[in-house]
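Participant: Quick one, fold the following:
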Amino acid sequence: MNEIYSFVGYANTGKTTYLEQLIEVLSQRGYKIAVLKHTSHQEAFFLGDPEGKDTDRHFLAGAKYVALAGPSGYSLVARQEEPDPEDLMSRFPDADFIFTEGYKSGPYRKIEVNKDYRPDEVLIAPSERFALVTDASDPNTGVFSIERPEELADYLIAKRKDCYGNHR
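Facilitator: Numbering: from 1, shown residues only. Take a look at the predicted model:
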């Protein structure tokens, strides 16, 4: 039973850094995390990149699985045409949470990361947004501080328990 959330936002708004911190919080609480990063670049990056690309950062933060998908292939086991995200996610059957970074037009619940929130610069409509991570904080309205990933972790865990009880 895994929960799928897409982290979306403009470039350089703090998505990767925030997701890295959230993964660490949830991993320390015993949850298994899988990450699927989508890219529009022609060449996918692979784990072990000496420059410390996003996939390495997610893995080092504690994710049990990390996959990167793009037009030229994906890094998990083999290179081939970009797979359907559901095909990759099926490889993570014991993950409690699956986070995607990207897939902003996909069917998953979207968490927008917008570091310095400006209502006129949102990436997705509020009606399409599950939560907003920004420089503000009001968990009662689904707005979480980019400085406190444990707020969103608590919220995601509570939502999971509402659906599945205390089962992981």
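Participant: Show the average pLDDT along stretch 94-110.
Facilitator: For stretch 94-110, the mean per-residue pLDDT is 89.
Participant: what do you get for stretch 129-137?
Facilitator: The pLDDT scores in stretch 129-137 average 87.
Participant: buried residues in that stretch?
Facilitator: For stretch 129-137, the neighbour count (16 or more other C-beta atoms under 10 Å) marks R129, F130, A131, L132, V133, T134 as buried. For glycine as for every other residue, the C-beta is placed from the backbone atoms N, C-alpha and C.
Participant: Need the max-distance pair from those.
Facilitator: By the measure C-beta to C-beta, F130 and T134 form the most distant pair in these, at 13.9 Å.
Participant: how far away is I146 from S105?
Facilitator: Computed with C-beta to C-beta, to the nearest Å, the distance linking I146 and S105 is 23 Å.
Participant: sec struct for the residue positioned nearest the centre of the chain, please.
Facilitator: Centroid check for the chain by C-alpha atoms, centre = their mean gives F99 as the closest residue, at 3.2 Å. Under DSSP: H, G, I helix; E, B strand; the rest coil, the three-state class of F99 is strand.
Participant: Now it: closest residue in space that isn't a chain neighbour?
Facilitator: Leaving aside its sequence neighbours, F99 sits nearest to V35 (C-beta to C-beta, 6 or more residues apart in numbering; 5.2 Å).
Participant: On the three-state scheme, the one you found is what?
Facilitator: strand.
Participant: Can you give me every residue that contacts it?
Facilitator: Each residue near V35 by C-beta atoms under 8 Å, 6 or more residues apart in numbering is listed here: L19, I23, T55, H58, A63, Y65, V66, A67, I98, F99, T100, E101.
Participant: ok, and the helix or strand in this protein with the lowest average confidence?
Facilitator: strand 73-75 (a mean of 67; mean pLDDT, DSSP states H and E).
Participant: Strands along this structure, start to end?
Facilitator: In the chain, the strands defined using DSSP state E lie at 3-8, 33-38, 65-70, 73-75, 97-101, 109-113, 129-134, 143-145.
Participant: Going by contacts, tell me the helices and strands next to the first one.
Facilitator: Here strand 3-8 touches helix 15-28, strand 97-101, strand 109-113, helix 149-164, going by 3 or more C-beta pairs under 8 Å, 6 or more residues apart in numbering; DSSP states H and E.
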